[in-house]
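>>> What shape does this take:
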Amino acid sequence: MNKAYIALGANLGDPANTIRAAFGALSNLPESRVVHCSSLYRTAPVGIINQPDFVNAVVELETTLAPEALLDALLDVEQRFGRIRAEKNGPRALDLDLLLFNDQLLDLPRLTLPHPRLHLRAFVLYPLAEIAPNLTIPGRGHISAWLPAVANQGIARL
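Sure, this is the predicted structure:
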């Protein structure tokens with residue numbers, strides 16, 4: 001089995017319920033099993049700040065899917081939840097990002113692993129550290145080393 005970590009985020013409609021429903025959708029992915037779900041976190045938007053706050057979480061998934069097949073499955077879930085890619089960093093019904101896949105380093109046209117900004121975002125690091133406190137991010141080091149760098153970003157556990 002492969003171990004993958006997926007970040008979830010939403011800020012349209014009822015984002016907390018959307019994230020909880022997305023936990024269920026991820027548990028129904030083919031050849032996959034949700035191992036851990038983080039708490040929900042409220043975070044300020046990044047980039048376009050004139051939009052509602054986000055609710056974020058991270059899921060640990062075991063899967064036999066390959067990284068790109070898992071990405072396709074995640075994009076399908078986003079679409080089923082009404083995701084429209086209108087503008088980068090804009091509001092969204094549901095965002096699913098593949099953060100890590102085993103210890104793989106990938107740089108493909110449609111997938112980079114680890115996710116290139118995961119170590120810069122409190123909304124990813126805090127829920128990830130909650131469910132995987134001993135995690136080493138390939139090419140970046142221990143997750144705990146990155147938490148102080150994002151401590152000033154607005155985040156609150158719900």
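>>> quick one: furthest residue from the center of the protein?
N50 (21.7 Å; C-alpha atoms, centre = their mean).
>>> May I have the residues that are in contact with that residue?
With contact set as C-beta atoms under 8 Å, 6 or more residues apart in numbering, N50 has no partners. In this view, the C-beta of every residue, glycine as well, is placed from N, C-alpha and C.
>>> did I read that right, it in a helix?
No: checked against DSSP: H, G, I helix; E, B strand; the rest coil, N50 lies outside a helix; its state is coil.
>>> State the distance from it to D72.
Distance, N50 to D72, by C-beta to C-beta, to the nearest Å: 32 Å.
>>> What does the residue farthest from the centre of the chain show for phi and psi?
Main-chain torsions, N50, degrees, to the nearest 10: phi -90, psi 70.
>>> again, but for F101
Residue torsions, per degrees, to the nearest 10, at F101 are phi -140, psi 110.
>>> And R157, by the same measure?
Dihedral angles for R157 - degrees, to the nearest 10 - are phi -70, psi 130.
>>> I figured it hits S38, correct?
No: here R157 does not reach S38: they are 9.2 Å apart, not a contact under C-beta atoms under 8 Å.
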